[in-house]
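1. Next input, structure requested:
(chains A and B)
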Amino acid sequence: MKMLYGQYVGYLTAVCARYIPDDDEVKDILQEAFIKIFDSMDKFSWRGEGSLKAWMTRIVVNDSLKTLRKKKTVPLPATLADLPAEEEPAFDAVPLRVIQEMIRKLPDGYRTVFNLFVFEDKSHKEIASLLGIKENSSASQLHHAKALLGKWIKDYIKLKDNG
Amino acid sequence: MDNEWNNSLRERFSDYSAPEPEGLWEGIEQGLAEKKRRKMLPVWLVTGLAAAAAVALVVFLRPEKTVEAPVDTIERYVQDLTPDTPDDSTSSVSEEAVPVTEPVDATGSKPASFAVVSRRTLLAEAMPVETTDSASETHPERLPDDIDELEDVAVKGHSEPENRPDEVPVEVKEESIVSETSIKTDPETLSSMELMSEQKHKRFSVGAFRFGGQEASEQSQGFGLSRSKGFYRTRSTGKGQKQDTGSLLEMLSSNKASSYEAHHGAPVRVGVTFAWEMTPHLSLASGLNWTALNSTFEETAGDMRNYTRQDLGYLGVPLRLEAGFQPWKGLRLYAGAGGMVEQGILSKSVTTSYIGEYLEDAVSHHPKTGGLLWSVGASAGAEYRINRVFSLYFAPGIEYHFDNGSGVKSAYTEKPLHWNAAFGVRFNFQK
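-> Okay, the predicted model is just below:
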C-alpha cells in the first residue's frame, strides 16, 4: 500500500489540487480517495499499462466533483462574458507549477469545466451531464476559462520579461 | 488547434506531481484502521444474531416435548412401594401389578410373575446409564436402586396380596427378578416377531462460515442455515423377547401384543467455520459445531407403556478441504470433503411409564455417549454473491457417522449414512 501510495500520491495531489483550491480540502479528499482505493482494489481489473493510474485518477476526480457539488459552486454563471475571444495562450514558457496555480485560481465553474474538458478529455455533452448544466454553458465556461488563463499567462510572461 | 492545445497541455501535465499534503499518509492509515473496526462490528453483530437464531432453532424446532411426570405420581408410586402403607396398599399393588402371563421360558416349566417394581430395574438393565431418580432425591423414602432392594420392597409390599376376582394375583418369586442372561428365548415367539422399518430423514442445521475469497487478500465469513431431513422409525410387533430396550418389558406380558417404536427426530446443527485459503482455488476449513439429537422410544406390552425421551448434544470440530472456482462473476461453485470428530457433552433421557391411562413412574437417566464420535462427509455447492458483503449459498452433501460403541441409539447410529443440505447467508470481508 505504501509503495502504491508513494508512486502516485504526487500525481493525484496535482490532479485534486487543480479542482480544489483549498489545501485542507485537497488533503481530506485525497485521504478518503486513497482509503477508497485501498479498500476496493478487488474491484480494479487490470486493462494494460496506465489503467491503474487512470482508475485512481477517476476516483480522485469523482471525489473532487462530489465536494464541489456539496459546496454548490458548480456550475458558476458566466461572469466574464465580456472577455475577448483570444487564441489559446502559449504556455510553453510558463512553468507547470505556475500554470497549475493559475488553473486553481480560476472560478470554480470555469476551472471544473476546463479540467474535465482538457485533462479528462470529456466532451461538453458529458460535462453537461456530469455537472447538470447545458452543453452550451459548458462550452461557454470553457471559453471563459481559456480566455482568463490566456490573460494571466500573458501577464506572467510580460512580468517575467520586464523583470 | 483546440485539440492540439489541449493535448499539449494534457501531455505536459501527465507526469506533473505536486507536493503531497502533510500528514496525508498518517490520516489514510488511521482511516483504514477505523474502517476495519467498523467492518468487524457487523461481523460480530451478524455472528451474534446467527448464534441467537441457532439457539432459537435448537430450542423451538424440537419435534417433541419431554414428558414430565407429576410429582404426586411419583409420591404415589413410593407410597405404593412402602410396606406400612395403610389399607390402600393392596389395591395399589393390584392396580400396578403386571398381569401374570404365559411362561417366558421355552420349556414352560415356570410361569413368570413380577411385581411392578421390577419394571424400573428392567429399564436400568436395558440401558446402561447413570440413573438420577428425581423421586429418590426429593422423597424421604428413597426408591430402591438395586435388584435385591427392589425385591425386598416388593416382597414386603405384596407379601399378602388381597386377591380380587377381576385381578391376577401377584406373586413374587426368586425367578421374577429378570435379567437378560437368565431368560431363554422361545424360538416360536422370535420367529413370529415382525420387524418393520420406516425411515425418512429430517434434519436442520445452522452454520457460520468463513472462507477464502477471490483475491489473495480477501477472506469471507458467513452464516448459513443447513437443513437435511431425516425421520427414523423402527417398529417391531409380536410376542417374545427382543434384543432391545423393549424386550424385557415385553416379557412381562408375553402373551399379549407388544410393540417397540423408536423415533429419531431432526438433528439440529449449528456452528462457526473458518477457512484458510491455501491457493486461490483451494481452502482448508475448520471450526466448531454443536449438534442436538433427540429421540423417542415407545414400548408397549398389553396395557403397559413406557415412553422415553432422549436428548443428546455433541460438540464437534470439522476439518474440510474445499476446492472452488468462478464460472461467472458473482457465482462460485465449490466442492469439499472432510471429517469431523464429536464428543457427547449433554445427554438426558426421561422415561415415563404408564399402565393404561395411569402415569405410573418417571425416571431420568444420563446415557453415556461414550468416546469420540467420528464422521466423514462430502458436499458440493454454489454461492451467489449479492453484494460485497453478503452471498447466498446452497450445498447438498452426504455424511457417514461411525459407531463409537457407546450403545446409545440416535439418528447417527440408526442411519449412519445420510444426506444433508446446507443453505444460508455468508458474510464476506477482507483482511
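
2. what stretches of chain B score poorly on pLDDT?
-> Under the criterion pLDDT under 70, the flagged ranges of chain B are B:1-2, B:39-257, B:357, B:360, B:428-431.

3. How is it divided into domains?
-> Partitioning chain B according to automatic domain parsing yields domains covering residues B:40-66+B:194-430, B:73-187.

4. Next: chain A.
-> Taking automatic domain parsing as the criterion, chain A consists of the domains A:2-71, A:96-162.

5. Out of these, which is closest to B:Ala378?
-> Each of those has some distance to B:Ala378 by Cβ to Cβ; the shortest is domain A:2-71, at 29.8 Å. In this view, the C-beta of every residue, glycine as well, is placed from N, C-alpha and C.

6. What's the mean pLDDT across stretch A:96-104?
-> For stretch A:96-104, the per-residue pLDDT values average out at 93.

7. and that stretch, is it in reach of chain B?
-> Yes. With Cβ under 8 Å from any Cβ of the partner chain as the measure, stretch A:96-104 is seen reaching chain B through A:96, A:99-100.

8. Show me which of the residues you listed is closest to B:Asp361.
-> Within the residues of stretch A:96-104 next to chain B, the smallest distance to B:Asp361 is 94.0 Å, found for A:Gln100 (Cβ to Cβ).

9. Please identify the buried residues of the helix or strand where B:Gln326 lies?
-> Under the criterion DSSP states H and E, the helix or strand holding B:Gln326 is strand B:304-328. Neighbour counts over strand B:304-328 (16 or more other Cβ atoms under 10 Å in any protein chain shown) mark B:304-314, B:316, B:318, B:320, B:322, B:324 as buried.

10. can you tell me which of the residues you listed are up against chain A?
-> Applying Cβ under 8 Å from any Cβ, the subset of the buried residues of strand B:304-328 adjacent to chain A is empty.

11. Please identify which of those residues is nearest to B:Ala292.
-> Of all the buried residues of strand B:304-328, B:Gly313 has the smallest distance to B:Ala292: 5.5 Å, by Cβ to Cβ.

12. Can you get me the start-to-end distance on stretch B:297-310?
-> The first and last residues of stretch B:297-310 sit 8 Å apart, counting by Cα to Cα, to the nearest Å.

13. burial of the closest residue to chain B within chain A, as a residue count?
-> Using Cβ to the nearest Cβ, A:Gly10 is the residue of chain A that sits closest to chain B, at 2.8 Å. As a burial measure, the neighbour count of A:Gly10 was computed by other Cβ atoms under 10 Å in any protein chain shown and equals 15.

14. same check, this time on the one 3 residues further on
-> When counting by other Cβ under 10 Å, one arrives at 23 neighbours for A:Thr13.

15. Surely it is within a helix?
-> Yes. Assessed by DSSP: H, G, I helix; E, B strand; the rest coil, A:Thr13 belongs to a helix.

16. Who are the contact partners of it?
-> For A:Thr13, the set of contacting residues under the criterion of Cβ atoms under 8 Å, 6 or more residues apart in numbering or on different chains consists of A:26, A:30, B:17-21.

17. Quick one: buried ones out of these?
-> Using 16+ other Cβ under 10 Å as the burial test, the contacts of A:Thr13 include A:26, A:30, B:18, B:20-21 as buried.

18. where does the residue nearest to the spatial centre of chain A fall, helix, sheet strand or coil?
-> Taking Cα atoms, centre = their mean, the centroid of chain A lies closest to A:Asn115, which sits 3.5 Å from it. Per three-state DSSP, the local secondary structure of A:Asn115 is helix.

19. The one 3 residues further on too?
-> Assigned by three-state DSSP, the conformation of A:Val118 is helix.

20. contacting residues for it?
-> Taking Cβ under 8 Å, 6+ apart as the definition, contacts of A:Val118 comprise B:6, B:9-10.

21. and which of those is nearest to chain A?
-> Nearest to chain A among those, with distances taken as Cβ to the nearest Cβ, is B:Asn6, at 4.8 Å.

22. How many residues are close by the closest one?
-> B:Asn6 sits with 18 neighbouring residues when counted by other Cβ under 10 Å.

23. before we move on, what about the one 4 residues further on?
-> Burial of B:Arg10 is recorded as 13 neighbouring residues (other Cβ under 10 Å).

24. Serialize the domains of chain A to a markdown table and add fields for distance to B:Ser286.
-> Formatted as a markdown table, the entries for the domains of chain A read as follows, by distance: least, Cβ to Cβ, whole Å:
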| stretch | distance to B:Ser286 |
| --- | --- |
| domain A:2-71 | 25 |
| domain A:96-162 | 50 |
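
25. so which of those domains gets nearest B:Leu333?
-> Taking Cβ to Cβ as the criterion, B:Leu333 comes closest to domain A:2-71 out of these, the separation being 19.3 Å.

26. Tell me the residue of chain B that sits nearest chain A?
-> Going by Cβ to the nearest Cβ, chain A is nearest to B:Ser17 of chain B, at 2.8 Å.

27. pretty sure that residue contacts A:Ala14?
-> Yes. With contacts counted by Cβ atoms under 8 Å, B:Ser17 reaches A:Ala14, the gap being 5.7 Å.

28. Overlap in contacts, those two.
-> Overlap between the neighbourhoods of B:Ser17 and A:Ala14 is empty, taking contacts as Cβ under 8 Å, 6+ apart.

29. Stretch B:387-406: end-to-end distance?
-> 47 Å.

30. show me where pLDDT drops low in chain A?
-> Confidence mapping of chain A against pLDDT under 70 gives the ranges A:72-89, A:163.

31. Am I right that A:Leu68 is in a helix?
-> Yes. Remark: A:Leu68 belongs to a helix, assigned using three-state DSSP.

32. who's in contact with it?
-> Residues in contact with A:Leu68 (Cβ under 8 Å, 6+ apart) are A:19-20, A:74, A:108, A:112.

33. Could you export those as CSV, including secondary structure, distance to B:Glu261 and neighbour count?
-> Converted to CSV, the contacts of A:Leu68 look like this (DSSP: H, G, I helix; E, B strand; the rest coil; distance: Cβ to Cβ, whole Å; neighbours: other Cβ atoms under 10 Å in any protein chain shown):
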residue, secondary structure, distance to B:Glu261, neighbour count
A:Tyr19, helix, 79, 26
A:Ile20, coil, 79, 26
A:Val74, coil, 79, 19
A:Asp108, helix, 83, 18
A:Thr112, helix, 80, 30
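
34. And the residues you listed, which two are furthest apart?
-> A:Ile20 and A:Val74 (11.8 Å).

35. Stretch A:45-61 vs chain B: in contact?
-> No. Remark: stretch A:45-61 sits outside contact range of chain B, by Cβ under 8 Å from any Cβ, the gap being at least 9.4 Å.

36. chain center to that stretch: distance?
-> For stretch A:45-61, the gap between its own C-alpha mean and the chain's C-alpha mean amounts to 17 Å (Cα atoms, centre = their mean, to the nearest Å).
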